[in-house]
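J.: fold the following for me, if possible:
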Amino acid sequence: MDIEEIINNPHDALFKRTMVDKVAALDFMQNYLPEEIIEKMDLAELQIAKDSFIDDKSKEKMSDMLYKVDIGGKEAYVYLLFEHKSYYDIQTPVQLLGYMCDIWDLHWQQHKNDDLPVIVPILIYHGERDWDKGERLANVLEKPLPGFEKFVPDYNFLLYDFSGLTEEEIKGNIKLKILSYLFSRIYSKDLNEALENVIPLLLELHYQNTARDYILTALNYITNVFGEVKTIEDLKKEVEKVSKEGREMVMTFTQEAMKKGKKEELIDTVKVLLEKKFQIDLSAKMEKGIEAADIQDLAKIRDNIFEIESLGEIKKILGV
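T.: This is a model prediction of the structure:
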């Protein structure tokens with residue numbers, strides 16, 4: 001996930017950065033799934049099966065993760081659909097069923113002639129309005145006339161409304177708590193309360209020197225989603241009210257983000273310049289060399305592109 005993706009879709013970025021972490025995913029299931037379901041799952045065998053079934057157009061409103069688990073000795077799936085629409089949409093259970101069909105189709109392609117596995121569908125709702133349609137597809141369908149019930153599909157899903165979580169309801173490891181605090185405070189507009197809970201957790205990750213990309217993603221979420229914060233300077237001021245150490249962390253990570261963004265821009269520029277100059281498609285080895293190069297070497301290629309006469313000179317600069 002690059003800087004542009006994090007900025008353009010902060011909801012998706014924070015959700016994915018959290019739930020792609022196996023520890024956070026396990027924590028979510030152990031803390032939120034019903035006990036009668038958890039006790040039948042072998043969570044030691046949990047694997048990330050696929051990070052999305054959602055097309056690019058829908059990613060502005062939804063994110064998802066698919067996990068493979070063992071239930072009663074048989075392969076099964078847990079599917080998390082995170083809806084980050086600001087409005088209420090009763091079509092969501094229908095969309096969820098569509099993604100379940102996609103999962104079964106993928107399983108069929110990989111394991112032909114097997115019976116289709118159980119899928120535990122989970123909707124993580126994050127809307128401004130309370131979800132009041134229950135946890136069944138039938139609740140959003142028109143009630144059929146007597147005798148027609150057998151033609152109407154139905155299924156149950158698990159529902160978690162993160163927009164209404166109280167502090168007592170927030171559980172799990174550091175990343176899951178950060179996700180929960182930020183999601184639960186977005187509509188209350190209580191930025192100070194969110195920061196009071198989140199900054200100490202981010203500092204803990206910072207002091208452990210772990211999850212640097214995650215910290216950057218969380219800070220970007222705050223900057224892009226909470227209305228009081230419109231710039232990095234705004235974020236620094238708000239964080240300083242909670243923690244001076246937090247302000248220093250913000251400064252460190254925003255500087256890193258700027259450098260990272262500049263490097264990604266240089267990588268794209270160098271690739272385009274080389275392809276145009278030498279009228280070629282870059283080899284995989286050359287692309288990896290460009291992506292691994294430091295900023296100084298990339299700038300050198302960009303600034304001297306008209307003087308460079310062969311790909312051999314480029315390879316020498318890149319060391320490939």
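J.: for residue 290, the count of nearby residues, please.
T.: Neighbour count of residue 290, defined by other Cβ atoms under 10 Å: 21. Where you see a C-beta, it was placed from the backbone N, CA and C, and this is true even at glycine.
J.: check contacts around it.
T.: Contacts for residue 290 were tallied using Cβ atoms under 8 Å, 6 or more residues apart in numbering; they are 267, 270, 271, 274, 282, 298, 318.
J.: same check, this time on residue 218
T.: If a contact means Cβ under 8 Å, 6+ apart, then residue 218 has 14, 17, 178, 182, 198, 202 as its contacts.
J.: can you tell me how far residue 316 is from residue 141?
T.: Taking Cβ to Cβ, to the nearest Å as the criterion, residue 316 is separated from residue 141 by 66 Å.
J.: which of those two has more residues huddled nearby?
T.: For residue 316 versus residue 141, neighbours defined as other Cβ under 10 Å are more numerous around residue 141 (14 against 10).
J.: show the buried residues in the contacts of residue 218.
T.: 14, 17, 178, 182, 198, 202 (16 or more other Cβ atoms under 10 Å).
J.: the last one against residue 216, yeah?
T.: No. With the criterion set as Cβ atoms under 8 Å, residue 202 and residue 216 do not qualify as a contacting pair; they are 10.0 Å apart.
J.: count of residues packed around the closest residue to residue 151 other than its chain neighbours?
T.: When the adjacent residues along the chain are set aside, residue 151 lies closest to residue 144, with 7.0 Å between them (Cβ to Cβ, 6 or more residues apart in numbering). Residue 144: 12 surrounding residues under other Cβ under 10 Å.
J.: using JSON lines, lay out the contacts of residue 218 together with secondary structure.
T.: What follows is the contacts of residue 218, written out as JSON lines (DSSP: H, G, I helix; E, B strand; the rest coil):
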{"residue": "14", "secondary structure": "helix"}
{"residue": "17", "secondary structure": "helix"}
{"residue": "178", "secondary structure": "helix"}
{"residue": "182", "secondary structure": "helix"}
{"residue": "198", "secondary structure": "helix"}
{"residue": "202", "secondary structure": "helix"}
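J.: which one of these is nearest residue 115?
T.: residue 17 (34.7 Å; Cβ to Cβ).
J.: leaving out the residues flanking it, which one is nearest to that closest one?
T.: Spatially, and ignoring its direct neighbours in sequence, residue 17 is nearest to residue 217 (4.6 Å; Cβ to Cβ, 6+ apart).
J.: the one you found and residue 292, how far apart?
T.: According to Cβ to Cβ, residue 217 and residue 292 sit 23 Å apart.
J.: the more surrounded of the two?
T.: residue 217 (22 against 12).
J.: which secondary structure state is assigned to the more buried one?
T.: Look at residue 217: counting by three-state DSSP, its state is helix.
J.: separation between it and residue 253?
T.: With the distance defined as Cβ to Cβ, residue 217 ends up 10 Å from residue 253.
J.: and residue 79, what are its bridge partners?
T.: Each beta-bridge partner of residue 79 is listed here: residue 66, residue 121, as defined by DSSP bridges.
J.: that one and residue 121 touch, don't they?
T.: Yes. Counting by Cβ under 8 Å, a contact exists between residue 79 and residue 121, whose distance comes to 5.2 Å.
J.: overlap in contacts, those two.
T.: 96, 100.
J.: identify the residues contacting residue 236.
T.: Under the contact definition (Cβ under 8 Å, 6+ apart), the residues listed for residue 236 are 247, 250, 251.
J.: quick one: the last one from residue 232, how far?
T.: By that I understand residue 251. Between residue 251 and residue 232 the distance is 9 Å, computed by Cβ to Cβ.
J.: need the helices for the chain, in chain order.
T.: For the chain, the helices identified by DSSP state H occupy 3-8, 10-19, 22-32, 35-38, 92-110, 174-185, 191-207, 212-225, 232-242, 244-278, 284-292, 295-303, 311-318, in order along the chain.
J.: can I get the ones you listed in CSV with mean pLDDT and distance to residue 153?
T.: Converted to CSV, those look like this (pLDDT from 0 to 100; distance: least, Cβ to Cβ, whole Å):
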stretch, mean pLDDT, distance to residue 153
helix 3-8, 45, 35
helix 10-19, 90, 28
helix 22-32, 93, 26
helix 35-38, 93, 22
helix 92-110, 93, 7
helix 174-185, 90, 30
helix 191-207, 88, 40
helix 212-225, 85, 36
helix 232-242, 84, 47
helix 244-278, 79, 45
helix 284-292, 86, 45
helix 295-303, 83, 54
helix 311-318, 87, 56
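J.: no more questions from me, cheers.
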